[in-house]
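1. Return a 3D structure for these sequence lines:
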Amino acid sequence: MPYQKGYSVLPNLTKLGDEPIFQRDTQYDRYIEEKHKAVQHQPCFLEHEMSADIYEPIVEFIVSRTDWVSASTFESVAMQLQEDVAILRIRDSRDWLAACHICFPSDWRPEEKIGRPLREIHAPIPGMNLETSHKLATTMVHHGPFVRWVWSPVYEPTRINYHPRTSKSHFDPANPCLHLKLERQVTHGFPDLGAALFIMRQQILPPEQIDFPALYKALSEMTPEEKIYKGVTNELLDWMRKQEETATGAD
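-> Model prediction:
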């Protein structure tokens, strides 16, 4: 699990290998249902400086990598995927978020990021090296495909949509409920288009699937700014430490 290596904001791009880019599992119907709910309450499909000559080959690529998605518009295809998708473009010395269909953002607003460069998109994240943002965008377009993981502790067992329009639960020591939200991020470049497809797949890990000692270590080693950003409180860390002490004592 990615959290077992600690928390990091480094790109940590790894070649994807033989793993499928898109996946469909037993939660597929639920995710599609949640997408239909999301589009009713928040902006999901957004675009900036896009054209058919960019959309069409990317839509064809998505359809060619799945056996359950039918060819149509980028917006329609995105509604058939369990993942969220976005398109990053580069041209001359610019990079920008050119299109996205994101129903399950992790505490950020896609409507505030569309048209912006990676430097501005990543600016709120503590510890990010913003000076290399354009180089990262160029790597995404011209190399790969890559996979990386991001993760966050969450305190609701079934929620997958963390758009800020809806308030989220915080850790409650009186009623502890700790889950882990994993986000698998895949990038596939289209050098001839000057674009990259960015694919985000969400998964919620229940407590019984979490390595508590490894997670506690990763959370406790965060900087104060990172803890605030990820919603990691002293109450959470104290509770996790007591759980580990109890488990160790029982052994």
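2. Which stretches in the stretch 101-250 of the chain count as strands?
-> 146-154, 179-190, 195-205 (DSSP state E, counting those that start in this stretch).
3. Who are the packing partners of the least confident helix or strand in the chain by mean pLDDT?
-> Of all the helices and strands that make up the chain, helix 234-250 has the lowest average by mean pLDDT, DSSP states H and E, namely a mean of 83. Identification of packing neighbours for helix 234-250 by 3 or more Cβ pairs under 8 Å, 6 or more residues apart in numbering; DSSP states H and E yields helix 212-220. All C-beta atoms are positioned from the backbone trio N, CA, C, and that covers glycine.
4. can you give me the angle the helix it packs on makes with strand 146-154?
-> Counting by axes from the mean of the first three to the mean of the last three Cα atoms, to 10 degrees, helix 212-220 lies at 90 degrees to strand 146-154.
5. CA atoms only: put helix 212-220 into CSV for me.
-> Output of helix 212-220 as CSV, limited to C-alpha atoms (Å, rounded to 0.1, in the frame of the first residue of the first chain):
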residue,chain,number,x,y,z
PHE,A,212,-2.4,0.6,11.4
PRO,A,213,1.2,0.8,12.5
ALA,A,214,2.4,1.8,9.0
LEU,A,215,-0.4,4.4,8.7
TYR,A,216,0.3,5.8,12.2
LYS,A,217,3.9,6.2,11.3
ALA,A,218,3.2,7.9,8.0
LEU,A,219,0.7,10.3,9.6
SER,A,220,2.8,11.1,12.6
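6. List the buried residues in it.
-> By 16 or more other Cβ atoms under 10 Å, the buried positions in helix 212-220 come out as 215-219.
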